[in-house]
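Undergrad: My questions are about this predicted structure, shown below with the sequence.
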Amino acid sequence: MSIHIELFSLYTCFNSLGGDYLNKTILDTEKLYYGFPIFILGYKDDRWGYNFTTSSSSYTLDNFLNVGLSNQGNASKQIKKHGYFTLNIPTKDYLEQIKIGGFNSGADKFNFSNSFQYDLSDKMDVPIIKECVITLECKVSQIIEEDSIVHIFSTIERRLVNSKLIKDNHLDNNLLNPVLYLGDGNKRSFKFLSSE
Ligand SMILES: Cc1cc2nc3c(=O)[nH]c(=O)nc-3n(C[C@H](O)[C@H](O)[C@H](O)COP(=O)(O)O)c2cc1C
């Protein structure tokens, strides 16, 4: 039933383009994000103890997870040094906290008022963001730097999922609603999979 509803909403979305799918124009922009789930990286921080950063550049295949970070940020420096991090998935209820992570480079972000809260992992020295519905505990395996980007290759050591999202020992896909980040060099915005 729910699959039919999802397919229907995709259909109406495509239809809003008026069926003119073949007509493309060159868009001169320095970036084009076509919808990436926002995540919160949690990490050990030499200066503040533990810290977090908002990101959207990632992919995962099986047990491997790669993220892309600016070499100017605090997160890339700390994760490079300590070798472990968590990738946490927030929902739309935490836009204020997502912005704290995304606009205060190098600050003690867990100490902002209304900020995310965390527990320490019992597996590695990293913070687990309490409010996020999924946490992946990751170990860095390789780092490649290219221009100003730090590509962090990692292995997923453990997956923690809010028990409300698990049904019969499986992830309930219908209940997982990450926040998507999309747009071009002119403007980027958040989008939600579901209004519920
Ligand atoms: C929605 C969103 C997505 C972002 N994605 C990335 C990203 O993928 N990589 C990155 O390096 N910075 C990204 N940023 C920018 C960093 O979050 C921002 O520069 C932050 O201040 C870095 O903090 P830090 O220096 O304390 O690590 C993103 C910001 C926002 C708001």
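TA: Alright, I've got the coordinates. Residues are numbered from 1 along each chain as shown.
Undergrad: alpha carbons only for contacts and neighbour counts from here, please
TA: OK.
Undergrad: Model confidence at the residue most central in space within the chain, what's the number?
TA: Closest to where the C-alpha atoms of the chain average out (Cα atoms, centre = their mean) is Phe39, at 1.8 Å. The score at Phe39 is 98. That number is its pLDDT.
Undergrad: for Asp20, same thing?
TA: The predicted structure scores Asp20 at 74 on the pLDDT scale.
Undergrad: Please, which helix or strand holds it?
TA: No secondary structure element spans Asp20, as it lies outside all helices and strands (assigned by DSSP states H and E).
Undergrad: And it, how far from the ligand?
TA: Taking Cα to the nearest ligand atom, to the nearest Å as the measure, Asp20 falls 30 Å from the ligand.
Undergrad: Now do that residue against Tyr34, distance only.
TA: Note on Asp20: its distance to Tyr34, by Cα to Cα, to the nearest Å, is 19 Å.
Undergrad: just Leu160 next, same as before
TA: In this structure, Leu160 lies at 27 Å from Tyr34, with Cα to Cα as the measure.
Undergrad: more crowded one of the two?
TA: A count of neighbours by other Cα atoms under 10 Å puts Leu160 above the other of Leu160 and Tyr34, at 13 against 10.
Undergrad: Enumerate every residue touching that one.
TA: Remark: with contacts taken as Cα atoms under 8 Å, 6 or more residues apart in numbering, Leu160 is in contact with 134-136.
Undergrad: CA atoms only for the helix or strand containing it, dumped as CSV, please.
TA: Mapping Leu160 onto the secondary structure by DSSP H and E places it in strand 149-161. Below are the C-alpha coordinates for strand 149-161, written out as CSV (Å, rounded to 0.1, in the frame of the first residue of the first chain):
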residue,chain,number,x,y,z
ILE,A,149,38.8,18.4,-0.1
VAL,A,150,39.7,15.6,2.4
HIS,A,151,38.2,12.3,1.2
ILE,A,152,37.8,10.1,4.3
PHE,A,153,37.4,6.4,3.6
SER,A,154,36.1,4.4,6.6
THR,A,155,34.6,1.1,7.6
ILE,A,156,31.4,0.9,9.5
GLU,A,157,32.1,-0.9,12.8
ARG,A,158,28.5,-0.8,14.2
ARG,A,159,25.1,0.5,13.3
LEU,A,160,22.8,1.9,16.0
VAL,A,161,19.1,2.5,15.1
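Undergrad: That's all I had, so thanks and see you.
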